[in-house]
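Colleague: here is my input, please return the structure:
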Amino acid sequence: MIPPDQFADLIAQASDEQIAEGMTANRGLLLQEIFNRWPDQFRAEAARDVNALIEWRITRPEGGEDRWQLRLAGGACTVSQDPDDKEPDVTFTIGPVDFVKLIAGVESGPKLFVFGRMKIRGNLMLAARVQGFFRAPSPGASSS
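Modeller: Residues are numbered from 1 along each chain as shown. As a prediction, the model looks like this:
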C-alpha cells in the first residue's frame, strides 16, 4: 500500500463521491490496511499509562457496520477485527467517507462529533485523547 502521507494527499484531493466509490470497491482491503498500520503509528510515550479498549464501528451504506478494536496496554497497541463482546471503554461510530477523511487528517474528530457525523459512546475523556496516541499523516507532507 501507499505511505500514509501520500494516502493523506490522495484523500485531500478526492471528492466525497470518489472516496465513497473507492470504499465501495475496496472497502475490506482499505479498512484492513488502515487498521493494520495503527500499531506502527502508535506513540507509546503518549499512552504509556493507558489501558483501554477502543472500538471503531464503520457503518455500511446497506446497513450494519464493520467493527475493529484497538487494545492499548503496556505501551503497545494491538488490533482485532470483529471483536468479541467485551465492552469497549469508548466506541466511535462513523460513516466510511468520514472515517477515511478523519484517518487521513483531512477532517477533524471534534468537527465530525459536533455536527453529528461521528457518534461517541463511553469514556469521553479517553475519546478526546485517542488522536494524540497516534502519529497522524499530514496532507501535503509527501509533496515537500
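Colleague: in the helix or strand harbouring residue 20, which residues are buried?
Modeller: Assessed by DSSP states H and E, residue 20 sits inside helix 16-41. Buried residues in helix 16-41, defined by neighbour count with 16 or more other Cβ atoms under 10 Å: 19-20, 22-23, 30-32, 34-35, 37-38. Quick note: C-beta positions are derived from backbone N, CA and C, even for glycine.
Colleague: try stretch 97-112
Modeller: 97-107, 109, 112.
Colleague: equivalent analysis for stretch 112-119, please.
Modeller: Under 16+ other Cβ under 10 Å, the buried positions of stretch 112-119 are 112-113, 117-118.
Colleague: the most centrally placed residue in the chain and residue 78: what is the separation?
Modeller: Closest to where the C-alpha atoms of the chain average out (Cα atoms, centre = their mean) is residue 103, at 4.9 Å. Using Cβ to Cβ, to the nearest Å, we find residue 103 at a distance of 18 Å from residue 78.
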